[in-house]
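Colleague: Dropping the sequence and predicted coords here.
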Amino acid sequence: MRVAAPLGLVLALLALASCTPGAAPDLPPVGVAAVAAQRAACEARGGNFRALGASLSFCQSQTGDAGKACTSSRDCEGACLARSRSCAPLTPLPGCNEVLTSGGQVVTECLQ
């Protein structure tokens, strides 16, 4: 006596049979591999890879207009420093800094 297999089971077996063993899906890196990829990309652009604590890392680069006079963030590659009214030498700036917005208003910007 022969028992017919349910259609769902047959389809599932066919789907599994079509899988290619050893073929890795094209997924982006995560965890340590992602941080290593970010570090490599940052350094390839001439930046310095920095870590703030255990969970925040970023790519910091020198700006080409460091020290130039500014009246708003539109005048700078990075931030326009409120106290000196000059373009910041690095971007981004870690910690809390008073900067000028694109409208020229003083705000405190924090990267922590």
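Modeller: Looks like it arrived, so ask away. In this text, all values refer to a predicted model and were calculated from it rather than measured experimentally.
Colleague: Quick one: the helices in the chain, in order.
Modeller: 7-17, 31-44 (DSSP state H).
Colleague: Where does the prediction get shaky in the chain?
Modeller: Where the chain drops to pLDDT under 70, the residues are 1-24.
Colleague: Let me see the domain layout of it.
Modeller: Domain ranges of the chain: 31-60, 63-112, per automatic domain parsing.
Colleague: Endpoint to endpoint, the last one covers what distance?
Modeller: With Cα to Cα, to the nearest Å as the measure, the ends of domain 63-112 fall 20 Å from one another.
Colleague: From residue 68, how far out is the closest residue to residue 87 other than its chain neighbours?
Modeller: Distance criterion Cβ to Cβ, 6 or more residues apart in numbering; nearest residue to residue 87, sequence neighbours excluded, is residue 76 at 3.7 Å. Backbone N, C-alpha and C define where each C-beta goes, glycine included. Distance of residue 76 to residue 68, given as Cβ to Cβ, to the nearest Å: 7 Å.
Colleague: number of nearby residues for the residue nearest to residue 98 when sequence neighbours are not counted?
Modeller: Distances taken as Cβ to Cβ, 6+ apart put residue 82 closest to residue 98, at 4.0 Å, once the chain neighbours are dropped. Residues lying near residue 82 (other Cβ atoms under 10 Å) number 19.
Colleague: Residue 82 reaches residue 100, doesn't it?
Modeller: Yes - between residue 82 and residue 100 there is a contact under Cβ atoms under 8 Å: 5.3 Å.
Colleague: tally of neighbours for the residue nearest to residue 87?
Modeller: By other Cβ under 10 Å, 22 other residues sit near residue 76.
Colleague: So it versus residue 110, what's the distance?
Modeller: Separation of residue 76 from residue 110 (Cβ to Cβ): 18 Å.
Colleague: And for residue 73?
Modeller: For residue 73 relative to residue 110 (Cβ to Cβ), the value is 15 Å.
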